[in-house]
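# Model the structure of this input:
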Amino acid sequence: MNDLEVIRFRLSHFAESAGDTAPSKILSSDGGPSREVMDYCDKHRLTLDWALLGSGPIHRKAKAPLLADIEFDAIFLHGLLQGLELLIDESESNSSPASNAAHALAQEVIAKSERLACDLSSLVDATPNARKAQLEAVK
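Presented below is the predicted three-dimensional model:
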């Protein structure tokens with residue numbers, strides 16, 4: 001088997017196990033990987049080294065989320081929990097152990113989410129270029 005046949009065999013075998021179809025075009029006109037192969041690798045998080053050479057890890061590691069995105073999620077969660085607390089306060093017509101527990105639980109979760117948001121903000125501020133990257137991503 002020549003190199004292209006080995007690559008086709010490797011990708012076909014993977015495609016069969018993944019319930020997909022392997023890319024038909026392996027190389028582009030300049031001799032590099034075709035767009036079809038790159039899209040296929042991206043779709044299945046395959047490394048090009050494995051797809052084309054049969055070496056290295058099969059799958060790429062998942063990208064870590066941006067600190068700024070985590071910070072936003074924590075602040076959003078905090079706002080949702082504050083809204084939940086308001087709903088609990090408004091729905092309490094009479095005091096009961098269950099309503100008291102729900103209120104206490106909501107307050108505790110709000111306090112913890114607020115600390116989390118503050119800690120994440122500090123971490124984002126302490127990470128070089130995190131705020132800059134966040135602002136550039138918005139542009």
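
# Show me which positions of the longest helix belonging to the chain end up buried.
Longest helix in the chain, counting residues (DSSP state H): helix 97-126. Within helix 97-126, the residues scored as buried using 16 or more other CB atoms under 10 Å are 102, 106, 109-110, 113-114, 116-117, 120-121, 124. In short, each C-beta sits where N, CA and C put it, glycine included.

# Could you check how far it is from the centre of its chain?
Put simply, helix 97-126 sits 23 Å off its chain's centre (CA atoms, centre = their mean, to the nearest Å).

# elements contacting that helix?
On a contact count with 3 or more CB pairs under 8 Å, 6 or more residues apart in numbering; DSSP states H and E, helix 97-126 meets helix 67-91, helix 130-138.

# Lowest mean pLDDT across those helices, which one is that?
Mean pLDDT is lowest for helix 130-138 out of the helices and strands packed on helix 97-126, coming in at a mean of 58.

# List the residues that contact residue 51.
Contact partners of residue 51, counting by CB atoms under 8 Å, 6 or more residues apart in numbering, are 7, 10-11, 33, 37, 40-41.

# hmm, back to that, what's the closest of the buried residues of helix 97-126 to residue 89?
Nearest to residue 89, judged by CB to CB, of the buried residues of helix 97-126 is residue 106 at 8.9 Å.

# And that closest one, how far from residue 73?
As judged by CB to CB, to the nearest Å, residue 106 and residue 73 stand 19 Å apart.

# Tell me the pLDDT of the residue most central in space within the chain.
Closest to where the C-alpha atoms of the chain average out (CA atoms, centre = their mean) is residue 65, at 5.7 Å. The confidence metric pLDDT takes the value 71 at residue 65.

# Equivalent analysis for residue 47, please.
The model reports residue 47 with a pLDDT of 92.

# nearest to residue 25, of the buried residues of helix 97-126?
Using CB to CB, these come closest to residue 25 at residue 124, 42.7 Å.

# Which positions in stretch 9-17 come out as buried?
For stretch 9-17, the neighbour count (16+ other CB under 10 Å) marks 10-11, 14 as buried.

# what's next to it, contact-wise?
With CB under 8 Å, 6+ apart as the test, stretch 9-17 has contacts from 1, 21-23, 26, 37, 40, 44, 46, 50-51, 54, 58.
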